[in-house]
Structure formats: C-alpha cells, structure tokens
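S.K.: I would like the atomic coordinates for the input below:
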Amino acid sequence: MCGIFGFAKTNGRQSDNQMRILKNVFTELADQSSIRGTDSTGFSIVDTDDRYTYKTLMDSSTLVRTNTFYDNVLSRITRDTTIVIGHVRLATHGTVKVTNAHPFTVGNVVGAHNGVIYNYNKVATAMGKKVPEVDSQVLFQSLNANKMNKAFEKIDGDFALTWIKDSNRKIHLARESGRPMVVAYWKKARILFWASTRQILEDAMLNAGLVLSIQNVPEDYIYTYDVDEFTHKPNREQVPFDTISQVEVRDKYNYATYGYGGWGGHHYNPSPASNNLLLETCDKAKAMCSYCYHWVDEDELWQDSHGNNLCYNCELFEELSDVPNVDTGDEDEAPF
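M.R.: Residues are numbered from 1 along each chain as shown. Prediction:
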C-alpha cells in the first residue's frame, strides 16, 4: 500500500490567499498520506518549462515539520507551478533507498503509482528492459514507449497512478479496480486536488479551511486534464484502457468493451452459465447497474426516477448531471 496525492492548477490565476490555502492543503495532504507508507516520500514539481523532483527516506509526516520540506518543496510551489505529484511509499518490491522512491522519471514520463504489478518482470523483458527493482517502474516504461491507451495491455496488477508525459500542462489520472483514488475541484482558484482516499483528502482540506465535494475517480479510464482548460469545470479527456486481467475476465464472462462515456468502461452481457457462476461465488445477492453494467450487491443499488437500477458511482454521476452548476462548500465543481 502506498499513497498518491497532488494538485494541478492554471498557472498565474491564484491570489495570495488562494496560494496560502493551496500550500496548506498540500502540506496537509503530505502529512495525512503518511498513514499509507513511511519508507520514503517524493515530490515532482512542474512549471511551464521545468520539472524538479525531490525524494527522501524521511516519512512525510516528519518531513512536513522540518525546514527541509520548506526549502526543497514548499518554497518551489509558486503561481507558475502547474502540477505537483506527491507519493509516500510502503515498500513491497525493491529495497528502501532513495532511487527506489517515487515519483519515477522514465524518458518524458514522470509519475507515481500505488499498487502491485504481478508480471513486472515479464513486461520489462518483453520491452527489452532490465528487470527493475521496483515493479512500478514498468508502468512508466510502458507509458513512455506506447500510446496511453495501449500502455496497460500487457499489465497484470492493481494500480492507481498519476503522471505527466510530453506536456507540463497536462496531468493524467488512472486507476484499476483494485486501488482507490479521489479528486476535488476548487473552481474559484482553478485547482484540481487528488489523493488516495476520501478521508485523506477531506481531512487535508478541512484542516486548511477548505470545503469541497469529493468524487471517486472512475475505474478503467485514463483522465487527462489540461490546466489551461480549467474553467467552471476542469474539462478533461477520457480514454478507456485494458489490462491482461480485464481481458481474461471479459473473455471468460462475455464482456464487450464499449467506447467513451461509460463509467466502468465495460458493458457486461452475461451468458446464463457465467451469470450462475457469478451468483454462486457471491455471499450476497447481486444485481446489475442499468448504466455501467457492473454487478454489485443488491442492497447497494438505488433507483432513478425512471426505475433504473444505479450503483453508487452512476447514482452520483446522475445527480451531478441533473444540476448543471453544483456548488458545494467553497465554489467547487464536479470533475467528471
């Protein structure tokens, strides 16, 4: 288990007070995220034409209470900053040393990952790369070598990750079903925050005096945010992706991938045999969401005004879609 957190913002738009709140939220994010890993801490700070990475073996909760944090991290966050990627590590593959700390830089890619890549040695070998100490590195090697939606096709694992590639003004977020990630958008300041869990992000904002609505990042999509297009909503592009495990499940249970606009990225067409198999392996009764076609516990479904069954993500999406200008707390807006 590791922790990822950070923010992306339109450069030059923030007032002195908004910059103060931003730095307080970011400091709190680093502090709160230490619960997810204490083996190392790392940050990549991105400006319009510069990228800077700082890594240390000090845990983030201790780090934020030192001058080292101010000198090497906080003082470098300015109005010209566009993206900051933060990470705390709980080592699962590779020894505990600074070079194994996130964020990693591979070619044009800088990114941080939470999760486990089970076949990282095979992926590295297939790309003609030396097998790395840290499984996460193969994700960024693949992202550097391939188009984004093709980068995960040979990956078998669980992940949530954030990265930049060719542009210092675009942040990419993606997660597979095994790992959490949430976001919140501060409309007035043109800032998008993210963190591994709702509790971390909520506590960080509250401690800094900011109240925004928080959403889960939907699974199986790459979300790309261009900081120059942050307005009343953080306009984004979404691209579906596949992993080895998703392909195997789809082949076994007769999934059919569909394109843009879905929340889960997969449309499920259960055959009678696969339907029975799913129900036999579940302790609770299952039902299908009418929107994303995912199977969830029957008692976790809601019904919309048309009588359609909705899972939590789709129910939230519909609520936000029905209200064009959602303002919760300090003028925030739904990121999806």
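S.K.: for the longest helix along the chain, buried residues please.
M.R.: Assignment by DSSP state H gives helix 16-33 as the longest helix of the chain. In terms of neighbour count (16 or more other Cβ atoms under 10 Å), helix 16-33 has its buried residues at 18-19, 21-33. In short, each C-beta sits where N, CA and C put it, glycine included.
S.K.: the residues you listed: which two are farthest apart?
M.R.: Farthest pair in those (Cβ to Cβ) is 18 and 33. Separation: 22.1 Å.
S.K.: so which bits of the following helix or strand past the longest helix of the chain are buried?
M.R.: As assigned by DSSP states H and E, the chain's next helix or strand after helix 16-33 is strand 40-47. Neighbour-count burial for strand 40-47, with 16+ other Cβ under 10 Å as criterion, is recorded at 40, 41, 42, 43, 44, 45, 46, 47.
S.K.: kindly reformat the residues you listed as JSON lines containing pLDDT and distance to residue 233.
M.R.: Shown next, in JSON lines, are those (pLDDT from 0 to 100; distance: Cβ to Cβ, whole Å):
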{"residue": "40", "pLDDT": "97", "distance to residue 233": "35"}
{"residue": "41", "pLDDT": "98", "distance to residue 233": "32"}
{"residue": "42", "pLDDT": "98", "distance to residue 233": "30"}
{"residue": "43", "pLDDT": "98", "distance to residue 233": "27"}
{"residue": "44", "pLDDT": "98", "distance to residue 233": "25"}
{"residue": "45", "pLDDT": "98", "distance to residue 233": "25"}
{"residue": "46", "pLDDT": "97", "distance to residue 233": "22"}
{"residue": "47", "pLDDT": "95", "distance to residue 233": "24"}
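S.K.: give the bridge partners for residue 193, please.
M.R.: residue 7, residue 184 (DSSP bridges).
S.K.: could the C-alpha coordinates of the helix or strand hosting residue 71 be exported in PDB?
M.R.: Residue 71 belongs to helix 67-72 when assigned by DSSP H and E. Extracted in PDB, the C-alpha atoms of helix 67-72 (Å, rounded to 0.1, in the frame of the first residue of the first chain):
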ATOM      1  CA  ASN A  67      12.900  23.300   7.200                       C
ATOM      2  CA  THR A  68      13.900  20.700   4.600                       C
ATOM      3  CA  PHE A  69      10.300  20.500   3.400                       C
ATOM      4  CA  TYR A  70      10.000  24.200   3.000                       C
ATOM      5  CA  ASP A  71      13.400  24.600   1.300                       C
ATOM      6  CA  ASN A  72      13.100  21.700  -1.100                       C
END
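S.K.: could you identify the helix or strand that succeeds that helix?
M.R.: Downstream of helix 67-72 (by DSSP H and E), the next one is strand 81-89.
S.K.: who touches the very next helix or strand once past that next one?
M.R.: Following strand 81-89 in sequence order, the next helix or strand is strand 104-106 (DSSP H and E). Identification of contacts with strand 104-106 by Cβ atoms under 8 Å, 6 or more residues apart in numbering yields 44, 51, 53, 110-113, 134, 136-137, 140-141, 143-144.
S.K.: list the buried residues for strand 104-106?
M.R.: Those would be 104, 106, for strand 104-106 by 16+ other Cβ under 10 Å.
S.K.: quick one: distance of it to the chain centre.
M.R.: 17 Å (Cα atoms, centre = their mean, to the nearest Å).
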